[in-house]
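Asker: attaching a predicted model along with its sequence, questions to come.
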Amino acid sequence: MRAVVVRSHGGPEVLQQEDVDEPTPGAGELLVEVAASGVNYIDTYQRTGAYPLPLPVTLGLEGAGRVLAVGEGVTEFAVGDRVAWGNTLGSYAERAVVPVRDAVAVPDGVDIEVAAGALLQGMTAHYLTHSTYPVREGDTVLVHAAAGGMGLALTQMVKALGGRVIGTVSTEEKERLAREAGADEVIRYTELGGGEELAAEVRRLTDGEGVPVVYDGVGATTFDASLASLRRRGVLALFGAASGPVPPVDPQRLNRAGSVFLTRPTLADHVATREELTWRAGDVFRAIAEGSLTIHIGHRYPLGEARTAHEDLQGRRTTGKLLLLPR
């Protein structure tokens, strides 16, 4: 079968399509014919070695497809079932082995490609809005990179919970997408002088109070503005670092910002049990089926163009969700 293999950490050029042996499912595992795999920022961290993995490795934590075979002891799924996953390596391939504990059934009303791009970002948006800071009716929240896959998912979930969204974007096209997803206010940060101006605009839009939570997946370039945008005892949820890691932070800054909270959550800790995984995935798929959550697929790439997908993602030339299609 074909798979994208990384044999050394580095830039997008290390993503090479190769012919490899088809894997065999072990006990408690599924062999899945991959219909599509999601491309996510965490893939770039793993590719560069910022999140080091044993090499060689096939990247891709997220995907969906049909079960081809089941391993010993598997009773939850059968050959032919449609399944999706959001936290299992090896998805940049024609076939993938997925542990049953990480797989969820794809409902009949959800397109398989949509399912492939829904879980990692959808469940991340779910834990951020339901657990990290549970959004309440009337809350105004700040969402950075509001036109990206995560930003669009977050915006829709906040709106479904009765919140008001201030989104940041870089271009007119991205502003349009953010507003279509429900953003109430959109700040084009490229038209501002820097982080201080961005935070001042957030405070202007909140009558000087600031927001109770900032959902920040950008990192280095937005951190200072995020901190300055919080109201007293607000929460800065730093869930990614698309612009690079944030330098070490003096805890006294949290004091001076108004006794605020800083957290660096990750999806794995919010789907650590089967019950929590099925709750979050079920909510995501239900929202898609009911129409309150739309997964905007910005671009589909053939499997052999994984390098281009990473280049586009890191070059901020994309909106919505990116998918790799094995066939």
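Answerer: Thanks, I have it. Residues are numbered from 1 along each chain as shown.
Asker: tell me the buried residues in the helix or strand encompassing L154?
Answerer: Secondary structure from DSSP states H and E places L154 in helix 149-160. Residues 149-159 are the ones in helix 149-160 that count as buried (16 or more other C-beta atoms under 10 Å). C-beta here means a position set from N, CA and C on the backbone, and glycine is covered the same way.
Asker: following element in sequence after that helix, please.
Answerer: strand 164-169.
Asker: direction-wise, compare the next helix or strand after that next one with helix 149-160 and give the angle.
Answerer: Moving toward the C-terminus from strand 164-169, the next helix or strand (DSSP H and E) is helix 172-180. Angle between the axes of helix 172-180 and helix 149-160 is 30 degrees (criterion: axes from the mean of the first three to the mean of the last three C-alpha atoms, to 10 degrees).
Asker: show me how far helix 172-180 is from its chain's centre.
Answerer: Remark: helix 172-180 is offset 19 Å from the chain centroid, using C-alpha atoms, centre = their mean, to the nearest Å.
Asker: next, the buried residues of stretch 11-18.
Answerer: 12, 14-15, 17.
Asker: er, stretch 69-78 I mean
Answerer: By neighbour count with 16+ other C-beta under 10 Å, stretch 69-78 contains the buried residues 70-71, 74, 77.
Asker: nearest to A35, of these?
Answerer: Using C-beta to C-beta, F77 comes nearest to A35 of the buried residues of stretch 69-78, at 15.5 Å.
Asker: S8 versus that closest one, what's the distance?
Answerer: Here the distance between F77 and S8 works out to 35 Å (C-beta to C-beta, to the nearest Å).
Asker: now D81
Answerer: Distance of D81 to S8, computed by C-beta to C-beta: 36 Å.
Asker: so between these two, which is more surrounded?
Answerer: D81 (16 against 10; other C-beta atoms under 10 Å).
Asker: let me see the contact set for that one.
Answerer: D81 is in contact with 66-67, 105, counting by C-beta atoms under 8 Å, 6 or more residues apart in numbering.
Asker: top of those by neighbour count?
Answerer: Tallying neighbours with other C-beta under 10 Å puts V67 at the head of the contacts of D81, with 20 neighbours.
Asker: what sits opposite it in the beta ladder?
Answerer: V32 (DSSP bridges).
Asker: after the helix or strand harbouring A64 comes which helix or strand?
Answerer: Assigning secondary structure by DSSP H and E places A64 in strand 62-70. Helices and strands here follow DSSP H and E; after strand 62-70, the next one along the chain is strand 82-85.
Asker: with just CA atoms, put that following strand into CSV.
Answerer: These are the backbone C-alpha positions of strand 82-85, laid out as CSV (Å, rounded to 0.1, in the frame of the first residue of the first chain):
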residue,chain,number,x,y,z
ARG,A,82,-17.7,3.3,8.9
VAL,A,83,-15.4,4.5,11.6
ALA,A,84,-13.5,7.7,12.4
TRP,A,85,-10.7,8.6,14.8
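Asker: mind listing what it pairs with, with the direction of each?
Answerer: strand 62-70 (antiparallel), strand 104-105 (antiparallel).
Asker: nearest to V143, of those strands?
Answerer: Taking C-beta to C-beta, strand 62-70 is the member of the strands paired with strand 82-85 nearest to V143, at 20.7 Å.
Asker: can you tell me the closest non-neighbouring residue to E209?
Answerer: Excluding the flanking residues, the one nearest E209 by C-beta to C-beta, 6 or more residues apart in numbering is R231, at 5.0 Å.
Asker: and whichever strand or helix holds that neighbour, what does it pack against?
Answerer: R231 belongs to strand 230-238 when assigned by DSSP H and E. Identification of packing neighbours for strand 230-238 by 3 or more C-beta pairs under 8 Å, 6 or more residues apart in numbering; DSSP states H and E yields strand 211-216, helix 223-229, strand 261-263.
Asker: mean neighbour count for those - can I get that in JSON lines?
Answerer: Listed next are the helices and strands packed on strand 230-238 as JSON lines, based on neighbours: other C-beta atoms under 10 Å:
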{"stretch": "strand 211-216", "mean neighbour count": "27"}
{"stretch": "helix 223-229", "mean neighbour count": "24"}
{"stretch": "strand 261-263", "mean neighbour count": "15"}
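Asker: quick one, helices of the stretch 201-327 of the chain?
Answerer: Taking DSSP state H, counting those that start in this stretch as the test, the helices found in the stretch 201-327 of the chain are 223-229, 252-256, 274-290, 306-314.
Asker: tell me the most buried of those?
Answerer: When the helices of the stretch 201-327 of the chain are scored by mean count of other C-beta atoms under 10 Å, the highest mean neighbour count falls to helix 223-229 (a mean of 24).
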